[in-house]
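S.K.: model this:
(one chain, ligands or ions: 1)
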Amino acid sequence: MSTAASLSAHASPPPVLELRGVTVRFGSVPALSRVSLRLRAGEVVCVLGENGSGKSTLVAVLSGLQQPAEGELLVDGRPERFRSPQQARACGIATVWQDLAIAPLMSVWRNFFLGAEPIRGVWPFRRLDVGRAEEITARAMARVGVPGLDPGQAASALQAGERQSLAIARALHFGARVLVIDEPTAPMTVAQRALVLQSVVAAREAGLTVLFVTHSPQHAHLVGDRFLLLGGGRVAGDLTREDVDVHDLTRLVAGGDELSQLGDSLRAAQRDRGTGPATR
Ligand SMILES: Nc1ncnc2c1ncn2[C@@H]1O[C@H](COP(=O)(O)OP(=O)(O)OP(=O)(O)O)[C@@H](O)[C@H]1O
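M.R.: Predicted structure coming up:
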(Lines give C-alpha, C1' and ligand atoms only; values in the text may rest on other atoms or scores of the structure.)
Protein backbone atom coordinates (compact mmCIF):
# COMPACT_ATOMS: atom_id res chain seq x y z
CA MET A 1 0.00 0.00 0.00
CA SER A 2 1.37 3.46 -0.85
CA THR A 3 2.00 5.93 1.97
CA ALA A 4 -0.94 8.08 0.87
CA ALA A 5 -3.26 5.07 0.67
CA SER A 6 -2.20 3.80 4.08
CA LEU A 7 -2.68 7.28 5.58
CA SER A 8 -6.20 7.57 4.18
CA ALA A 9 -7.02 4.02 5.31
CA HIS A 10 -6.15 5.01 8.89
CA ALA A 11 -7.61 8.52 8.85
CA SER A 12 -10.62 8.86 11.15
CA PRO A 13 -13.87 9.69 9.39
CA PRO A 14 -14.80 13.38 9.33
CA PRO A 15 -17.32 14.57 11.92
CA VAL A 16 -20.92 13.87 10.93
CA LEU A 17 -21.66 17.53 11.47
CA GLU A 18 -19.25 20.39 12.03
CA LEU A 19 -19.44 24.13 12.53
CA ARG A 20 -16.36 26.26 11.91
CA GLY A 21 -16.26 29.81 13.19
CA VAL A 22 -19.99 30.41 12.88
CA THR A 23 -21.23 33.90 13.66
CA VAL A 24 -24.88 34.98 13.72
CA ARG A 25 -25.86 38.59 14.31
CA PHE A 26 -29.23 40.12 14.99
CA GLY A 27 -28.61 43.74 14.03
CA SER A 28 -25.34 44.60 15.73
CA VAL A 29 -25.82 41.98 18.48
CA PRO A 30 -23.86 38.76 17.93
CA ALA A 31 -26.04 35.86 19.10
CA LEU A 32 -23.23 33.44 18.17
CA SER A 33 -19.60 34.46 17.85
CA ARG A 34 -17.14 32.24 15.96
CA VAL A 35 -18.67 29.04 17.29
CA SER A 36 -16.93 25.82 16.27
CA LEU A 37 -18.08 22.35 17.15
CA ARG A 38 -17.72 18.82 15.89
CA LEU A 39 -20.31 16.09 16.28
CA ARG A 40 -19.01 12.58 15.76
CA ALA A 41 -21.08 9.53 14.91
CA GLY A 42 -22.93 8.01 17.85
CA GLU A 43 -22.14 10.64 20.49
CA VAL A 44 -24.47 12.71 22.62
CA VAL A 45 -23.32 16.32 22.94
CA CYS A 46 -25.25 18.41 25.45
CA VAL A 47 -25.42 22.18 25.01
CA LEU A 48 -25.71 24.18 28.21
CA GLY A 49 -25.72 27.87 28.97
CA GLU A 50 -27.65 30.62 30.66
CA ASN A 51 -30.63 32.36 29.09
CA GLY A 52 -29.55 34.34 26.06
CA SER A 53 -26.27 32.43 25.64
CA GLY A 54 -27.12 31.40 22.08
CA LYS A 55 -28.52 27.87 22.45
CA SER A 56 -31.67 28.44 20.37
CA THR A 57 -29.67 30.30 17.73
CA LEU A 58 -27.34 27.31 17.48
CA VAL A 59 -30.34 25.00 17.02
CA ALA A 60 -31.71 27.36 14.36
CA VAL A 61 -28.41 27.24 12.42
CA LEU A 62 -28.18 23.45 12.55
CA SER A 63 -31.79 23.01 11.49
CA GLY A 64 -31.64 25.37 8.53
CA LEU A 65 -33.79 28.13 10.03
CA GLN A 66 -30.99 30.64 10.44
CA GLN A 67 -28.12 31.26 8.07
CA PRO A 68 -24.84 32.36 9.61
CA ALA A 69 -23.27 35.67 8.62
CA GLU A 70 -19.84 34.03 8.76
CA GLY A 71 -18.42 30.56 9.12
CA GLU A 72 -18.95 27.16 7.64
CA LEU A 73 -21.19 24.17 8.22
CA LEU A 74 -19.95 20.77 7.07
CA VAL A 75 -21.78 17.45 6.81
CA ASP A 76 -19.46 14.43 6.59
CA GLY A 77 -16.65 16.88 5.85
CA ARG A 78 -18.51 18.51 2.92
CA PRO A 79 -19.43 22.20 3.14
CA GLU A 80 -23.21 22.69 3.07
CA ARG A 81 -25.36 25.78 3.16
CA PHE A 82 -28.85 25.16 4.54
CA ARG A 83 -31.32 27.65 3.13
CA SER A 84 -34.32 25.90 4.66
CA PRO A 85 -35.24 23.24 7.22
CA GLN A 86 -36.01 20.90 4.28
CA GLN A 87 -32.37 21.06 3.20
CA ALA A 88 -31.17 20.22 6.71
CA ARG A 89 -33.60 17.28 6.83
CA ALA A 90 -32.39 16.07 3.44
CA CYS A 91 -28.89 15.88 4.98
CA GLY A 92 -30.29 13.69 7.78
CA ILE A 93 -30.58 16.37 10.47
CA ALA A 94 -33.86 16.16 12.35
CA THR A 95 -34.83 18.79 14.91
CA VAL A 96 -37.16 18.12 17.79
CA TRP A 97 -38.42 21.51 18.90
CA GLN A 98 -39.45 22.49 22.42
CA ASP A 99 -42.95 23.46 21.37
CA LEU A 100 -43.70 20.63 19.02
CA ALA A 101 -46.19 21.27 16.32
CA ILE A 102 -48.52 18.29 16.45
CA ALA A 103 -51.97 17.99 15.00
CA PRO A 104 -53.87 17.43 18.27
CA LEU A 105 -57.07 16.04 16.78
CA MET A 106 -55.31 13.52 14.59
CA SER A 107 -54.30 10.12 15.92
CA VAL A 108 -50.82 9.38 17.18
CA TRP A 109 -50.07 7.20 14.14
CA ARG A 110 -51.26 9.94 11.75
CA ASN A 111 -48.89 12.36 13.46
CA PHE A 112 -46.13 9.78 13.23
CA PHE A 113 -46.43 9.38 9.45
CA LEU A 114 -47.68 12.82 8.38
CA GLY A 115 -47.94 12.19 4.67
CA ALA A 116 -45.68 9.13 4.48
CA GLU A 117 -48.34 6.56 5.41
CA PRO A 118 -47.89 2.96 4.28
CA ILE A 119 -50.15 2.03 1.38
CA ARG A 120 -51.30 -1.45 0.34
CA GLY A 121 -52.73 -2.81 -2.91
CA VAL A 122 -52.16 -1.50 -6.40
CA TRP A 123 -53.86 1.37 -8.17
CA PRO A 124 -56.87 1.87 -8.45
CA PHE A 125 -57.33 -0.23 -5.30
CA ARG A 126 -54.65 1.42 -3.21
CA ARG A 127 -55.63 1.73 0.45
CA LEU A 128 -54.04 3.25 3.46
CA ASP A 129 -52.66 0.35 5.53
CA VAL A 130 -53.90 1.55 8.91
CA GLY A 131 -53.09 -1.70 10.72
CA ARG A 132 -49.51 -1.59 9.56
CA ALA A 133 -49.21 2.13 10.33
CA GLU A 134 -50.44 1.51 13.88
CA GLU A 135 -48.11 -1.43 14.34
CA ILE A 136 -45.06 0.54 13.13
CA THR A 137 -45.96 3.50 15.34
CA ALA A 138 -46.42 1.33 18.44
CA ARG A 139 -43.11 -0.44 17.79
CA ALA A 140 -41.25 2.84 17.19
CA MET A 141 -42.67 4.32 20.40
CA ALA A 142 -41.72 1.21 22.40
CA ARG A 143 -38.18 1.58 21.04
CA VAL A 144 -37.87 5.01 22.65
CA GLY A 145 -39.30 3.86 25.96
CA VAL A 146 -43.07 4.28 25.52
CA PRO A 147 -44.41 0.72 25.34
CA GLY A 148 -48.10 -0.16 25.19
CA LEU A 149 -49.23 3.15 23.71
CA ASP A 150 -52.50 3.09 21.77
CA PRO A 151 -51.48 4.58 18.39
CA GLY A 152 -55.16 5.17 17.54
CA GLN A 153 -55.72 7.69 20.33
CA ALA A 154 -55.76 11.41 19.60
CA ALA A 155 -52.34 13.04 19.85
CA SER A 156 -53.83 15.63 22.23
CA ALA A 157 -53.92 12.87 24.87
CA LEU A 158 -50.11 12.65 24.86
CA GLN A 159 -48.21 14.41 27.60
CA ALA A 160 -45.28 16.72 26.84
CA GLY A 161 -42.57 14.06 27.24
CA GLU A 162 -44.52 11.59 25.11
CA ARG A 163 -44.84 14.22 22.36
CA GLN A 164 -41.07 14.63 22.36
CA SER A 165 -40.72 10.84 22.28
CA LEU A 166 -43.07 10.72 19.30
CA ALA A 167 -40.95 13.25 17.41
CA ILE A 168 -37.75 11.36 18.28
CA ALA A 169 -39.28 8.00 17.31
CA ARG A 170 -40.36 9.53 14.01
CA ALA A 171 -36.87 10.89 13.28
CA LEU A 172 -35.36 7.47 14.08
CA HIS A 173 -37.84 5.65 11.87
CA PHE A 174 -37.38 7.96 8.90
CA GLY A 175 -33.60 7.61 8.91
CA ALA A 176 -32.25 10.76 10.57
CA ARG A 177 -28.52 10.64 11.34
CA VAL A 178 -28.32 13.65 13.61
CA LEU A 179 -30.97 14.51 16.12
CA VAL A 180 -31.09 18.06 17.48
CA ILE A 181 -33.28 18.14 20.57
CA ASP A 182 -34.36 21.32 22.31
CA GLU A 183 -35.51 20.10 25.73
CA PRO A 184 -38.76 21.76 26.77
CA THR A 185 -38.36 24.31 29.54
CA ALA A 186 -42.05 24.07 30.45
CA PRO A 187 -42.79 22.19 33.68
CA MET A 188 -42.96 18.40 33.24
CA THR A 189 -43.30 15.54 35.66
CA VAL A 190 -40.20 13.52 36.50
CA ALA A 191 -41.65 10.61 34.52
CA GLN A 192 -42.17 12.78 31.43
CA ARG A 193 -38.64 14.24 31.69
CA ALA A 194 -37.32 10.70 32.02
CA LEU A 195 -39.01 9.81 28.73
CA VAL A 196 -37.12 12.53 26.88
CA LEU A 197 -33.80 11.34 28.37
CA GLN A 198 -34.68 7.73 27.53
CA SER A 199 -35.33 8.77 23.93
CA VAL A 200 -31.90 10.42 23.78
CA VAL A 201 -30.28 7.19 24.96
CA ALA A 202 -32.35 5.13 22.48
CA ALA A 203 -31.24 7.40 19.65
CA ARG A 204 -27.58 6.97 20.59
CA GLU A 205 -28.06 3.19 20.83
CA ALA A 206 -29.45 3.29 17.30
CA GLY A 207 -26.17 4.92 16.21
CA LEU A 208 -27.46 8.47 15.86
CA THR A 209 -25.54 11.56 16.83
CA VAL A 210 -27.50 13.70 19.27
CA LEU A 211 -27.15 17.38 20.09
CA PHE A 212 -29.23 17.86 23.23
CA VAL A 213 -29.97 21.40 24.36
CA THR A 214 -30.93 21.47 28.00
CA HIS A 215 -31.07 23.87 30.93
CA SER A 216 -30.27 21.07 33.34
CA PRO A 217 -26.66 20.02 34.06
CA GLN A 218 -28.09 17.01 35.89
CA HIS A 219 -29.97 15.83 32.80
CA ALA A 220 -26.96 16.56 30.64
CA HIS A 221 -24.66 14.51 32.84
CA LEU A 222 -27.07 11.56 32.83
CA VAL A 223 -26.96 11.16 29.05
CA GLY A 224 -24.09 13.22 27.63
CA ASP A 225 -20.70 12.13 26.32
CA ARG A 226 -19.60 15.76 25.88
CA PHE A 227 -20.78 19.10 27.16
CA LEU A 228 -20.64 22.26 25.12
CA LEU A 229 -20.95 25.31 27.35
CA LEU A 230 -22.13 28.53 25.73
CA GLY A 231 -21.63 31.94 27.31
CA GLY A 232 -22.50 35.19 25.54
CA GLY A 233 -22.70 33.45 22.18
CA ARG A 234 -19.22 31.88 22.48
CA VAL A 235 -18.05 28.40 23.29
CA ALA A 236 -16.88 28.77 26.87
CA GLY A 237 -16.08 25.11 27.34
CA ASP A 238 -16.14 21.82 25.50
CA LEU A 239 -15.76 19.14 28.11
CA THR A 240 -15.94 15.38 28.14
CA ARG A 241 -17.46 13.18 30.78
CA GLU A 242 -13.91 12.53 32.04
CA ASP A 243 -13.35 16.27 32.52
CA VAL A 244 -16.27 16.99 34.85
CA ASP A 245 -18.57 15.31 37.32
CA VAL A 246 -22.15 16.45 37.72
CA HIS A 247 -21.27 18.83 40.59
CA ASP A 248 -18.58 20.61 38.57
CA LEU A 249 -20.90 20.84 35.60
CA THR A 250 -23.67 22.36 37.72
CA ARG A 251 -21.27 24.88 39.23
CA LEU A 252 -19.88 25.82 35.84
CA VAL A 253 -23.25 26.40 34.26
CA ALA A 254 -24.30 28.57 37.19
CA GLY A 255 -21.18 30.74 37.19
CA GLY A 256 -20.42 32.50 33.92
CA ASP A 257 -16.92 33.95 34.65
CA GLU A 258 -15.64 30.83 36.28
CA LEU A 259 -16.95 28.92 33.30
CA SER A 260 -14.88 30.88 30.80
CA GLN A 261 -11.76 30.61 32.96
CA LEU A 262 -12.17 26.89 33.36
CA GLY A 263 -12.91 26.54 29.66
CA ASP A 264 -9.63 28.34 28.86
CA SER A 265 -7.54 26.25 31.21
CA LEU A 266 -9.13 22.98 30.04
CA ARG A 267 -8.52 23.89 26.42
CA ALA A 268 -4.88 24.71 27.25
CA ALA A 269 -4.55 21.35 29.05
CA GLN A 270 -6.11 19.53 26.09
CA ARG A 271 -3.70 21.26 23.72
CA ASP A 272 -0.78 20.17 25.92
CA ARG A 273 -2.05 16.58 25.92
CA GLY A 274 -2.63 16.83 22.18
CA THR A 275 -6.24 15.69 22.65
CA GLY A 276 -7.99 18.97 21.95
CA PRO A 277 -9.82 19.70 18.74
CA ALA A 278 -7.94 21.81 16.25
CA THR A 279 -10.52 24.55 15.88
CA ARG A 280 -11.65 25.92 19.18
N1 LIG B 1 -34.79 37.12 16.45
C2 LIG B 1 -33.95 37.79 17.24
N3 LIG B 1 -33.80 39.12 17.11
C4 LIG B 1 -32.93 39.83 17.89
N5 LIG B 1 -32.17 39.26 18.84
C6 LIG B 1 -32.29 37.94 19.03
C7 LIG B 1 -33.17 37.13 18.25
N8 LIG B 1 -33.07 35.84 18.66
C9 LIG B 1 -32.16 35.84 19.66
N10 LIG B 1 -31.68 37.09 19.88
C11 LIG B 1 -30.65 37.46 20.86
O12 LIG B 1 -29.54 36.62 20.64
C13 LIG B 1 -28.99 36.20 21.88
C14 LIG B 1 -29.00 34.67 21.97
O15 LIG B 1 -30.38 34.24 22.08
P16 LIG B 1 -30.83 32.72 22.11
O17 LIG B 1 -32.33 32.72 22.09
O18 LIG B 1 -30.13 31.97 21.05
O19 LIG B 1 -30.30 32.25 23.54
P20 LIG B 1 -30.75 30.98 24.42
O21 LIG B 1 -29.49 30.51 25.06
O22 LIG B 1 -31.48 30.02 23.58
O23 LIG B 1 -31.70 31.60 25.49
P24 LIG B 1 -32.95 30.87 26.26
O25 LIG B 1 -32.32 29.84 27.13
O26 LIG B 1 -33.54 32.00 27.03
O27 LIG B 1 -33.86 30.32 25.22
C28 LIG B 1 -29.78 36.89 22.96
O29 LIG B 1 -29.10 38.07 23.31
C30 LIG B 1 -31.10 37.20 22.28
O31 LIG B 1 -31.70 38.32 22.86
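S.K.: what about Pro30, which SS state?
M.R.: Judged by DSSP: H, G, I helix; E, B strand; the rest coil, the three-state class of Pro30 is strand.
S.K.: can you pull the contacts of the nearest residue to it once chain neighbours are set aside?
M.R.: Sequence neighbours aside, Gly233 is the residue nearest to Pro30 in space, at 5.2 Å (criterion: C-beta to C-beta, 6 or more residues apart in numbering). Placement of C-beta: from N, CA and C, glycine included. Listed by C-beta atoms under 8 Å, 6 or more residues apart in numbering, the contact partners of Gly233 are Val24, Pro30, Ala31, Leu32, Ser33, Val35, Ser53, Gly54, Thr57.
S.K.: Among those, which one is most surrounded by other residues?
M.R.: Highest neighbour count within the contacts of Gly233, by other C-beta atoms under 10 Å: Leu32, with 28 neighbours.
S.K.: Just grab the bridge partners of it for me.
M.R.: Beta-bridge partners recorded for Leu32 (DSSP bridges): Val24.
S.K.: one step back: tell me how far the residue nearest to Pro30 lies from Gly54.
M.R.: Per C-beta to C-beta, to the nearest Å, Gly233 is found 4 Å from Gly54.
S.K.: Mutual contacts of these two, please.
M.R.: Val24, Ala31, Leu32, Val35.
S.K.: Those residues: which two are farthest apart?
M.R.: Using C-beta to C-beta, the shared contacts of Gly233 and Gly54 reach their maximum pairwise distance at Ala31 and Val35, which is 9.8 Å.
S.K.: Find the residues that touch each one of the two.
M.R.: Taking C-beta under 8 Å, 6+ apart as the contact rule, Ala31 and Val35 both touch Gly54, Gly233.
S.K.: Reformat the contacts of Gly233 as a markdown table; add distance to the ligand.
M.R.: Output for the contacts of Gly233, formatted as a markdown table (distance: C-beta to the nearest ligand atom, whole Å):
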| residue | distance to the ligand |
| --- | --- |
| Val24 | 8 |
| Pro30 | 8 |
| Ala31 | 3 |
| Leu32 | 7 |
| Ser33 | 10 |
| Val35 | 11 |
| Ser53 | 4 |
| Gly54 | 4 |
| Thr57 | 3 |
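S.K.: so Ala169 sits right up against Met141, yeah?
M.R.: Yes - under the criterion of C-beta atoms under 8 Å, Ala169 makes contact with Met141 at 5.3 Å.
S.K.: Let's see the pLDDT reported for the closest residue to Val130 other than its chain neighbours.
M.R.: Distance criterion C-beta to C-beta, 6+ apart; nearest residue to Val130, sequence neighbours excluded, is Trp109 at 7.6 Å. Predicted confidence (pLDDT) for Trp109: 92.
S.K.: For the ligand, see how far away Trp109 is.
M.R.: Distance, Trp109 to the ligand, using C-beta to the nearest ligand atom, to the nearest Å: 32 Å.
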